[in-house]
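**Student:** quick one, what's the 3D model for this:
(3 chains)
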Amino acid sequence: MPELPEVETIVRQLQPGLAGCRIVSVEILDPKLETPAKNKLPGRKILDITRLGKQVCLELSGNDRDEMKLWLLFHLRMTGRLITHSCSLDQNERHLRARLVLDQGSLLFYDMRSFGCLLVLDSLQEALPKGIDPLSRRFTRRKLRELINGSKQEIKPWLLRQDRLVGLGNIYTSEILFASGIDPRRQAGSLKSDELHRLHSQIRRILLLAIKNCGTTFSDFQDSQGRTGSFQRLLSVYGKTGQPCPNCSGPIQRIVQQQRSTFFCSACQK
DNA sequence: ACCCTCCTGTCA
DNA sequence: TGACAGGAGGGT
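**Tutor:** Predicted coordinates for the structure are as follows:
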């Protein structure tokens, strides 16, 4: 489910309850997630919870057998959810993939489609995303121009790739291109200087606005504490095929690019 | 640079 | 019954 703003929301909401907790035991319920490294986790304290691209990253202290730190990463993919046991959410227990029992409560990993994964690492180096986080200081206009220069790929699929920018997904790419007035089918490398300028600032603006609204939640989705995000109220084009463009009232179009839906206004996006 | 696939669920 | 769903690795 989550793109950058949703993962950021989950991390912020897990932080106060999880930081400082000690891991008592680990149960992997989905054989595909099984890893011998799970035995290294008990006894460790959760020092910090951060977002690494679209991943949730738990920094773990050493324990009495091993003083070196460890990192536990979750990638939620499409339908993964991290939920603290203290909140009573209506989850289908069939989709429970892993459970961390803590000295206070527990952390549950649910995943309906089971695309998600978890990873135990003794160095964060190997998990550092290749792409730049668009909310970091490294994401400058000059950097965006550098990354995009010469690319013949259409701009929407270009934005979805995680090896240049990390964190954008199918919702926010459509929203960002609408806010930038750029047609999703444009060749990335063909964007003019003023278009790149708008693209750069709208990437940041939309992501920050979405985080402020705790992300986008459809229908019954709830975050780690049972709250729902509200950015869906602010969506301009995503999922709005045939509905009026907020700008010109023309119909929102849906097209498919690389087997994924793109939503846009052909009058406002050139 | 693209297409398929991994899964399970919902909706027309 | 088929299309589609917030992701991304692997193969070509």
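**Student:** start to end distance for stretch A:262-270?
**Tutor:** For stretch A:262-270, the first and last residues are 15 Å from each other (C-alpha to C-alpha, to the nearest Å).
**Student:** any idea how far stretch A:182-194 is from the middle of the chain?
**Tutor:** Relative to its parent chain, stretch A:182-194 has a centroid offset of 24 Å by C-alpha atoms, centre = their mean, to the nearest Å.
**Student:** ignoring the adjacent residues along the chain, who's closest to the residue of the stretch 51-200 of chain A found nearest DNA strand C?
**Tutor:** The stretch 51-200 of chain A approaches DNA strand C most closely through residue A:169 (2.1 Å), counting by C-beta to the nearest atom of the strand. For glycine as for every other residue, the C-beta is placed from the backbone atoms N, C-alpha and C. In this structure, residue A:169 finds its nearest non-sequential neighbour in residue A:3, 3.5 Å apart by C-beta to C-beta, 6 or more residues apart in numbering.
**Student:** from what I can see that neighbour touches residue A:167, true?
**Tutor:** Yes - Residue A:3 lies in contact with residue A:167 (C-beta atoms under 8 Å); the separation is 6.4 Å.
**Student:** give the contact list for the residue of the stretch 51-200 of chain A closest to DNA strand C.
**Tutor:** Contact criterion C-beta atoms under 8 Å, 6 or more residues apart in numbering gives A:2, A:3, A:4, A:54, A:160 as the residues in contact with residue A:169.
**Student:** on that earlier part again, and for residue A:3 and residue A:167, which residues touch both?
**Tutor:** Residues touching both residue A:3 and residue A:167 (C-beta under 8 Å, 6+ apart) are residue A:54.
**Student:** residue ranges of the helices in the stretch 101-250 of chain A, please?
**Tutor:** For the stretch 101-250 of chain A, the helices identified by DSSP state H, counting those that start in this stretch occupy A:141-148, A:155-160, A:170-180, A:193-212, in order along the chain.
**Student:** any idea of the mean pLDDT in the longest one?
**Tutor:** Read it as helix A:193-212. Summarised as a single mean, pLDDT over helix A:193-212 is 98.
**Student:** repeat that for the first one.
**Tutor:** When pLDDT is averaged along helix A:141-148, the result is 97.
**Student:** okay, residue A:95 and DNA strand B: tell me how far apart.
**Tutor:** To DNA strand B, residue A:95 is 7 Å away according to C-beta to the nearest atom of the strand, to the nearest Å.
**Student:** for residue A:267, same thing?
**Tutor:** Residue A:267 sits 25 Å away from DNA strand B, going by C-beta to the nearest atom of the strand.
**Student:** burial of that residue, as a residue count?
**Tutor:** By the measure other C-beta atoms under 10 Å, the count of residues near residue A:267 is 13.
**Student:** quick one: residues contacting it.
**Tutor:** Residue A:267 sits next to A:245, A:247, A:248, A:250 when contact means C-beta under 8 Å, 6+ apart.
**Student:** the same query, at a cut-off of 6 Å, please.
**Tutor:** Shown in contact with residue A:267 (C-beta atoms under 6 Å, 6 or more residues apart in numbering): A:248, A:250.
**Student:** same check on the one 3 residues further on?
**Tutor:** By C-beta under 6 Å, 6+ apart, the contact list for residue A:270 reads residue A:183.
**Student:** apply 8 Å and report the result again.
**Tutor:** Each residue near residue A:270 by C-beta under 8 Å, 6+ apart is listed here: A:181, A:182, A:183.
**Student:** what does the stretch 101-250 of chain A put close to DNA strand B?
**Tutor:** With C-beta under 7 Å from any atom of the strand as the criterion, the stretch 101-250 of chain A meets DNA strand B at residues A:112, A:113, A:114, A:115, A:151, A:152, A:153, A:154, A:157, A:219.
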